[in-house]
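[1] Just a sequence and a predicted model for now, questions to come.
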Amino acid sequence: MKKIIVIGNGMVGYKFCEKLVSKPNRNDYEIEVFGEEPRPAYDRVHLSEYFGEKSAEELLMAPANWYQENNIKLHTSSLISKIDTQKKEITTYRNETYTYNYLVIATGSSPFIPPIKGSEKAGVFVYRTLEDLDAMKSYASKIKKEGKAKAAILGGGLLGLEAANAAKELGMETHVVEFAPRLMPRQLDLPASNLLKSKIESMDIKVHLEKATSEIVGNGAIEAMQFNDDTNLKVDMLIISAGIRPRDELAREAGIKVGERGGIWVNNQMKTSAEDVYAIGEVALYNNGIYGLVAPGYDMAHVAVEQITGGDVTMVSSIDMSTQLKLIGTEVASFGDPFIENDDVSVIAFENKHKGIYKRINVTKDGKKLLGGILVGDASDYNTLFQLYINEMKLPENPEDLILGARGGESSSVGSVMDFPDSAQICSCESVTKGSICGMIKDETCTSLSDVVKSTKATTGCGGCKPMVVDLVNETLKSLGKEVKETICEHFHYNRQELYDLIKINKVQTYDEALNLFGKGDGCETCKPLLASLFASIYMETANKQVTIQDSNDRFLANIQRNGTYSIVPRVPGGEISPEKLMVLGKVAQKYDLYTKITGGQRIDLFGAELHQLPLIWKELIDAGFESGHAYGKSLRTVKSCVGSTWCRYGMHESVSFAIEIENRYRGLRSPHKLKGGVSGCIRECAEARGKDFGLIAVEGGWNLYVCGNGGATPKHAILLAEQLDDETCIKYLDRFLMFYIRTAAPLTRTAPWLEKLDGGIEYLKKVVIEDSLGIAEDLEKEMQGLVDKYECEWKQAIEDPEMMKRFKHFVNTDDSDDNIEYVSLRDQKMPKAWV
Amino acid sequence: MEQLLQQYQSVTQNKVMHWFNAGNINDFPENGGACVKYKSKQIAVYNFTRKSAWYACQNLCPHKMEMVLSRGMIGDASGIPKVACPLHKKTFSLENGENLNGEDYKIATYPVKIENENVYIGFTD
């Protein structure tokens, strides 16, 4: 067995391990990793999210036990002090020595601190590790208590703007100071930089360009930055992000060849000048360059693994530095040579200052090839443009269509991702080609998007390739005649469950925010109600908050009927109603001349109310003690009951009391589709509980709980989930079952078809609900209890708020009512005039 | 019924004889619609707040002849602004009134302009 030692456990060092353990001859190697940070490798690219929603745990590339499970010995907090390439041994700072057969140096880089007087002062930070961020956080909270809240970032490059985002997340007034006349000088030209600057400034971050800092001033702690044009900026905290320097000191001392300006020299096999010593990532000097991006680092890890394990993969000669990212809410992308301008090149640029969009492409004079470009404000074309560039594909006749869109022509100018050659690299973070994605589906290694993601790791890096991978998977599946997991609509490239998680994890509060973050366009009648339902299921938000994304009925809290009038169904829990309340319904129906009918769910439906009458009617009903019945929503409708043991001579338990308890518990609960329940007092089953999404039938010793039944077009009997439960357990299981359904079902899917599609069926469901096989039962219960506690009658809410009431008017410019409504009479009640 | 439909004929910007003040922009919900009465006509007006655009069309859905379109959800289909009727989710382009489900009825559309926070709809009568 040969021993591989890896120095450095950053993103690239981790990627080396990950690629190595997936090799078939992995067991020929013993792997030992030394990292100087206290934590295993984490995602440095998304570091600023540590101040937002992500914990240190969530940023980990793999959990700590991953290394153990894969038989990798990981030493954290272990600095290496020496390499001896003759003895093939390394020494730790504790003076322990370890010998190797192969050594991989992945020590990365450290932030470059320009030689500015005063940079040692308190309040000056660098931006590289979680420890740096922790230190900033505690310093910021300390000085904020003293009323100081101004932070500056030295450096307006990519990382500097990330750091600015972090400072803003800390609640600081944020300034970015850049020496060059542009932001992101390596990626953007002047118009792009100007646009980005104005976008960033609109987010309350001030940008100072062409400022050379000569001194950091302050008595012990930083108080101001002095610039060499004699101006200064008062700040209470400074984050230096002025570039990186490779951590090559170990190699340098060991006599391994390093570059003049730093970096360990490597050839295209990632080999250094010393035998069996490799260098990868930001420390490696390849083709005279240091590459501070994660994608080339991962490629290097791949090459090193191949070389060590006997493969012959080598590094490509020109490293692609294309990037696409979201900076402080603005999409920015740059690819190929973004600046090239000479006689053989045509530059096509488009700027829309009003919308904040800048696009530039550099094309060969003959218009055939794309050489590079820049996108700011809208980078949705990036994937396509990047593929055209990297694969040197032929461009459409009018290359300007690439950034302006085909105007007036028939279809898209570029064609679909299916037109790319098999060699097209779709995911550049993980080096996954179109050929490998489509191949895995064709040879049936993978049958779904999640399979492909699992096997290839495509989309797990920056995620920018997700839409293309989705298209490739769907199109290939379709071409094989297979069913495809569809995304919800053209505006969101996700399914319901993915959106559920995205909204919850990112704490998204409004539809507009969701569309900005995860979607495009103006939405439609599919995604709007779907997201409305998600907001309701996650936050128990009523339909009064985001009125215009609600489905037709939810928007006006009533069911629209044939002639555009509405029907009203107050809640009658368990179908039990006192004569007094029954008379109120009768009187209201009489007063407003409403057609009256008993529903299938043991309540009373009043038809023919005009929009402006709804609040008047509801005011009367609420005063009499009624509340919304949510008959208009994809939500809990009724829990039907038989009369039970109080009156019935056969009854085993009190079905009415329990039905009322359950209906009141879940009232207002929004779900992927409507929910109906039933409770029967004995096995004669008068409440038809087995025709419901959940049904309880009283038996000796408790309740039998049935789930996933329905009437309707494809009737299904509910299936037994658990037997002889007491009231409390019954509710516990119901909480878990309903919440699990709400979390995972596809849109507009009732419980029966949901169960049919659930892998493992009812046995799996039993394991999740009863045995808690997923370990989420407590979560599900808590979540449900949270929703139950937040319940509020949305009709009461609406009539008490004049702003919410505004929508119940037929015309905005007059109090007239709709004069187009005609009725006829039938069996002494009114009916809408029939449609022709 | 035909007579009802006859009332609604698309108006283009250059044919407008009368700009009717339909109310303040705040009378209309954001990213949604509301109905305006003009003489005997019912006009649906939509405020696409996300892209600062306004559209107007007949309130009458030509599918079942009900005055409901203003209560429909709005959005876009491949960039074309549209409304979905609340009764059967028939969708119509707000640019040219065409049915986007491939059926052959269409709706009349009207130009809208905003001046001093007031919403004006253009008519020929």
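    Good, I have the coordinates.
[2] Count the neighbours of residue 98 for me.
    All of this is about chain A. Using other C-beta atoms under 10 Å in any protein chain shown, residue A:98 has 17 other residues around it. Quick note: C-beta positions are derived from backbone N, CA and C, even for glycine.
[3] nope, chain B please
    Using other C-beta under 10 Å, residue B:98 has 19 neighbouring residues.
[4] what about the nearest residue to it once chain neighbours are set aside, how many neighbours?
    Excluding the flanking residues, the one nearest residue B:98 by C-beta to C-beta, 6 or more residues apart in numbering or on different chains is residue B:106, at 5.2 Å. For residue B:106, the count of nearby residues is 16 (other C-beta under 10 Å).
[5] Next: the one 10 residues further on.
    By the criterion of other C-beta under 10 Å, residue B:116 has 6 neighbours.
[6] The one 5 residues further on too?
    Residues near residue B:121, counting by other C-beta under 10 Å, number 22.
[7] Wait, a strand at it?
    Yes: under DSSP: H, G, I helix; E, B strand; the rest coil, residue B:121 falls within a strand.
[8] Now do it against chain A, distance only.
    As judged by C-beta to the nearest C-beta, to the nearest Å, residue B:121 and chain A stand 10 Å apart.
[9] which ones are touching that residue?
    B:19, B:20, B:22, B:36, B:38, B:43, B:45, B:56, B:110, B:111, B:112 (C-beta atoms under 8 Å, 6 or more residues apart in numbering or on different chains).
[10] Likewise for residue A:352?
    Contact analysis of residue A:352 by C-beta under 8 Å, 6+ apart lists A:358, A:377.
[11] In terms of pLDDT, where does it sit?
    Note for residue A:352: predicted pLDDT of 87.
[12] Quick check: beta-bridge partners of it?
    Assessed by DSSP bridges, residue A:352 has beta-bridge partners residue A:357.
[13] List the beta-bridge partners for residue 92.
    Picked chain A for this. residue A:80.
[14] Let me rephrase: I mean chain B.
    Judged by DSSP bridges, the bridge partners of residue B:92 are residue B:83, residue B:99.
[15] Would you agree it is in contact with residue B:98?
    Yes: the pair residue B:92 and residue B:98 qualifies as a contact (C-beta atoms under 8 Å) at a distance of 6.8 Å.
[16] quick revisit: ramachandran angles for the residue nearest to residue B:98?
    Here the main-chain torsion angles of residue B:106 (degrees, to the nearest 10) amount to phi -140, psi 170.
[17] my guess is it meets residue B:95, correct?
    No: contact criterion C-beta under 8 Å: residue B:106 and residue B:95 do not qualify, at 11.4 Å.
[18] list residues touching both of residue B:92 and residue B:98?
    residue B:106.
[19] can you tell me how far the residue in the stretch 151-300 of chain A that chain B sits nearest to sits from residue A:176?
    Going by C-beta to the nearest C-beta, chain B is nearest to residue A:202 of the stretch 151-300 of chain A, at 16.1 Å. Using C-beta to C-beta, to the nearest Å, residue A:202 is found at 14 Å from residue A:176.
[20] One more: residue A:504?
    Residue A:504 sits 32 Å away from residue A:176, going by C-beta to C-beta.
[21] Which of those two has more residues huddled nearby?
    Comparing residue A:504 with residue A:176 by neighbour count (other C-beta under 10 Å), the higher total belongs to residue A:176, at 29 against 15.
[22] Give the bridge partners for that one, please.
    Following DSSP bridges, residue A:176 is listed with bridge partners residue A:153, residue A:207.
[23] Touching, it and residue A:203? I think so.
    No: the criterion here is C-beta under 8 Å, and residue A:176 misses it with residue A:203 at 11.2 Å.
[24] How about the contacts made by the residue in the stretch 601-750 of chain A positioned nearest to chain B?
    In the stretch 601-750 of chain A, the residue that lies nearest chain B is residue A:611 (8.0 Å; C-beta to the nearest C-beta). Residue A:611 makes contacts with A:556, A:565, A:566, A:808, A:809, A:810, A:818, as judged by C-beta under 8 Å, 6+ apart.
[25] can we see that at 6 Å?
    By C-beta atoms under 6 Å, 6 or more residues apart in numbering or on different chains, the contact list for residue A:611 reads A:808, A:810.
[26] quick one: pLDDT of it?
    95.
[27] re the thing from before, and the residue nearest to residue B:98, how far from chain A?
    Relative to chain A, and taking C-beta to the nearest C-beta, residue B:106 is found at 18 Å.
[28] Show me the helices in the stretch 301-450 of chain A, by range?
    Ranges of helices within the stretch 301-450 of chain A are A:382-390, A:401-404, A:434-442, A:449-456, based on DSSP state H, counting those that start in this stretch.
[29] Mind putting those helices into CSV with distance to chain B, mean neighbour count and mean pLDDT?
    Shown next, in CSV, are the helices of the stretch 301-450 of chain A (distance: least, C-beta to the nearest C-beta, whole Å; neighbours: other C-beta atoms under 10 Å in any protein chain shown; pLDDT from 0 to 100):
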stretch, distance to chain B, mean neighbour count, mean pLDDT
helix A:382-390, 16, 23, 85
helix A:401-404, 13, 18, 81
helix A:434-442, 25, 20, 89
helix A:449-456, 23, 18, 82
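[30] Which one of those helices lies nearest to residue A:98?
    helix A:449-456 (33.8 Å; C-beta to C-beta).
[31] From the chain's centroid, how far away is the closest one?
    17 Å (C-alpha atoms, centre = their mean, to the nearest Å).
[32] Disregarding residues adjacent in the polypeptide, which is nearest to the residue nearest to the spatial centre of chain A?
    Nearest residue to the geometric centre of chain A (C-alpha atoms, centre = their mean): residue A:502, 3.5 Å. Residue nearest to residue A:502 in three dimensions, not counting chain neighbours: residue A:518, with 5.7 Å by C-beta to C-beta, 6+ apart.
[33] Pull the number of nearby residues for the closest residue in space to residue A:298 that isn't next to it in sequence.
    In space, and not counting its chain neighbours, residue A:298 is closest to residue A:15: 5.0 Å by C-beta to C-beta, 6+ apart. Neighbours of residue A:15 under the rule other C-beta under 10 Å: 28.
[34] Okay, helices next: where are they in chain B?
    In chain B, the helices defined using DSSP state H lie at B:2-6.
[35] Now do the end-to-end distance for stretch A:286-294.
    15 Å (C-alpha to C-alpha, to the nearest Å).
[36] quick one: buried residues of that stretch?
    Neighbour-count burial for stretch A:286-294, counted by 16 or more other C-beta atoms under 10 Å in any protein chain shown, picks out A:286, A:290, A:291, A:292, A:293, A:294.
[37] can you tell me if the lowest-mean-pLDDT helix or strand in chain B touches chain A.
    The helix or strand of chain B with the poorest confidence is helix B:2-6; it has a mean of 82 (mean pLDDT, DSSP states H and E). No: judged by C-beta under 6 Å from any C-beta of the partner chain, helix B:2-6 stays clear of chain A, getting no closer than 7.5 Å.
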